[in-house]
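Chemist: Build the 3D model from these lines:
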Amino acid sequence: MSSSYLFYFYDMNEPLAERIRPKTLEEYISQQHLVGESGSLTSQIKKGIIPSLIFWGPPGTGKTTLANIIAKESERPFYTLSAISSGVKDVREVIEKAKQSGGLFTSKNPILFIDEIHRFSKSQQDSLLGAVEKGWVTLIGATTENPSFEVIPALLSRCQVYVLNPFSKEDLENLLKRAIKTDDLLKSKRIKLVETEALLKLSGGDGRKLLNIFELLINSADGDTIEITNDMVLQKVQKNTVLYDKTGEQHYDIISAFIKSIRGSDPNGAVYWLARMIEGGEDVKFIARRMLIAASEDIGNANPTALVIATSTFQAVTTIGYPEARIILSQCATYLASSPKSNSSYAAIKLAQQKVKETGDLSVPLHIRNAPTKLMKDLGYGDGYAYAHDYESSFVAQEFLPKEVSGTTFYKPGNNPRENNLKEFLKKRWKEKYNF
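Modeler: Residues are numbered from 1 along each chain as shown. As a prediction, this is how the structure comes out:
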């Protein structure tokens, strides 16, 4: 845990990214949709009226920097916590300090910045609620993960979510030029950017990574005259090339390969692509969520146990984390890949949704409407409804669809042992209605 006001020190031993970290909005590069001339945050920052915020975006896009700038521009005390190393006790301590630093229920209440807030447990996030709700602190959280999944609803409802985008090519080039122009160490050398394509590609839109690679190149070059070319970058960086970018195109390509291996019943392919994600540091919950979806979309009623195992896997890896979570993920992935496949339930909901879009809000048939009041009963709600359990085998044929779509078949069981049983069950009950 650490708490501090905004003080800046210049240390040549600091990484380049720290040395040239912007201190004002004017120095801040990128995210013009947030802090540009007509950005959604610009006027709020200038006025010092800051709501509790969550910055969601890939690594190296300026989340921490922007939080620092907001605190400085609004002249507020600034406290920081890292979700990696802080517990509930740390949260309570820093909230108590923030309360004592003044400005309760005013525009000058302290800012509490929590880096990687998605790593906070439910209890840690719960401990923030009171302070945010009562205005003791203005919370700014930073996350690389979707807040809808990683931040508890009660806290999320009290915060505005702002999305930070990966740096564009122009942003990255401007960042390099500003580093050359403003950093004392770089100013002492004659640096020429002859080619930047390889350098920008290796950064993956991550400003911090770009500056780290650039500093590595400068420090490893001989002499004070340095020309940056694609060949020079590739030669110097070599093994530092990104093998798995959690935020870039390869992220989506590999998860696609993983899911398609499961769908294609190849456990070897599934476990290989799983290993690629694990070695690349992919979030365990992201992998487990995708297997949850696959268990229903691609396996479904061909093996309902798959969804149970996938759900248990999600719960387990959420509790355990790496490195042991890899074993559980592997068990689930190989089980899903080895299961019979059916997308019948997935196809059914797609057909039903399409029919709803085509036909609109059709009336619920009177006999299956709820009738909790005398007026509703007098209007015919519930008339003619047959209670299934009053009949043999707990079944009696009756219509459950609006008359406009009566007889429509949405669910067609797949051709596999379990769904063949379901098919026979439905045909026996409904006879000609379910004539598959």
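Chemist: Pull the number of nearby residues for the residue lying closest to Ser168 once chain neighbours are set aside.
Modeler: Leaving out its chain neighbours, the residue that sits closest to Ser168 by Cβ to Cβ, 6 or more residues apart in numbering is Ser30, at 7.0 Å. From N, CA and C alone the C-beta is placed, and that goes for glycine too. Neighbourhood size, Ser30 [other Cβ atoms under 10 Å]: 23.
Chemist: ok, how many other residues are close to the closest residue to Lys403 other than its chain neighbours?
Modeler: In this structure, Lys403 finds its nearest non-sequential neighbour in Pro365, 7.1 Å apart by Cβ to Cβ, 6+ apart. Pro365 is flanked by 16 other residues according to other Cβ under 10 Å.
Chemist: Pro365 is in contact with Pro402, isn't it?
Modeler: Yes - assessed by Cβ atoms under 8 Å, Pro365 is found in contact with Pro402 at 6.3 Å.
Chemist: Can you tell me the centre-most residue of this structure?
Modeler: Asn146 (2.3 Å; Cα atoms, centre = their mean).
Chemist: quick one, what contacts that one?
Modeler: Each residue near Asn146 by Cβ atoms under 8 Å, 6 or more residues apart in numbering is listed here: Trp56.
Chemist: how near is it to Glu173?
Modeler: According to Cβ to Cβ, to the nearest Å, Asn146 stands 29 Å off from Glu173.
Chemist: Give me the contacts around stretch 24-36.
Modeler: So stretch 24-36 is contacted by 22, 39-42, 45, 61-62, 65-66, 69, 72-73, 162, 164-165, 167-168, 171, 174-175, 178, 207 (Cβ under 8 Å, 6+ apart).
Chemist: So what's the residue count around Val132?
Modeler: 19.
Chemist: Which elements pack onto whatever helix or strand it lives in?
Modeler: With secondary structure defined by DSSP states H and E, Val132 is part of helix 122-133. Applying 3 or more Cβ pairs under 8 Å, 6 or more residues apart in numbering; DSSP states H and E, one finds that helix 122-133 contacts helix 88-100, strand 111-115, strand 138-143, helix 153-156.
Chemist: Any figure for the gap between Ala310 and Lys423?
Modeler: Relative to Lys423, Ala310 is positioned 24 Å away (Cβ to Cβ).
Chemist: got it, and Pro372?
Modeler: 37 Å.
Chemist: With Leu307 instead?
Modeler: Distance from Leu307 to Lys423, by Cβ to Cβ: 20 Å.
Chemist: How about Thr359?
Modeler: Taken as Cβ to Cβ, the span from Thr359 to Lys423 is 27 Å.
Chemist: Looking at these two, which one has more neighbours?
Modeler: Taking neighbours as other Cβ under 10 Å, Thr359 and Lys423 compare with Lys423 leading, 19 against 12.
Chemist: quick one: that one from Ser393, how far?
Modeler: From Lys423 to Ser393 the distance is 17 Å (Cβ to Cβ).
Chemist: what's near enough to touch Thr334?
Modeler: 267, 270-271.
Chemist: Only the buried residues of the helix or strand hosting it, if you could.
Modeler: In the assignment (DSSP H and E), Thr334 maps to helix 325-337. By neighbour count with 16 or more other Cβ atoms under 10 Å, helix 325-337 contains the buried residues 325-326, 328-330, 332-337.
Chemist: Can you give the distance from that helix to the centre of its chain?
Modeler: Offset of helix 325-337 from its chain centre (Cα atoms, centre = their mean, to the nearest Å): 21 Å.
Chemist: ok, residues contacting the helix or strand hosting Ser43?
Modeler: According to DSSP H and E, Ser43 maps onto helix 42-47. Applying Cβ under 8 Å, 6+ apart, the contact partners of helix 42-47 are 25, 34-36, 50-51, 69-70, 73-74.
Chemist: and the strand or helix carrying Lys181, how far from the chain's centre?
Modeler: Element membership of Lys181 [criterion: DSSP H and E] is helix 169-182. Distance, stretch centre to chain centre, for helix 169-182: 29 Å (Cα atoms, centre = their mean).
Chemist: Which strands and helices lie in contact with it?
Modeler: Using 3+ Cβ pairs under 8 Å, 6+ apart: helix 169-182 touches helix 184-187, strand 190-193, helix 197-203, helix 207-220.
Chemist: one more time with 6 Å
Modeler: Applying 3 or more Cβ pairs under 6 Å, 6 or more residues apart in numbering; DSSP states H and E, one finds that helix 169-182 contacts no other helix or strand.
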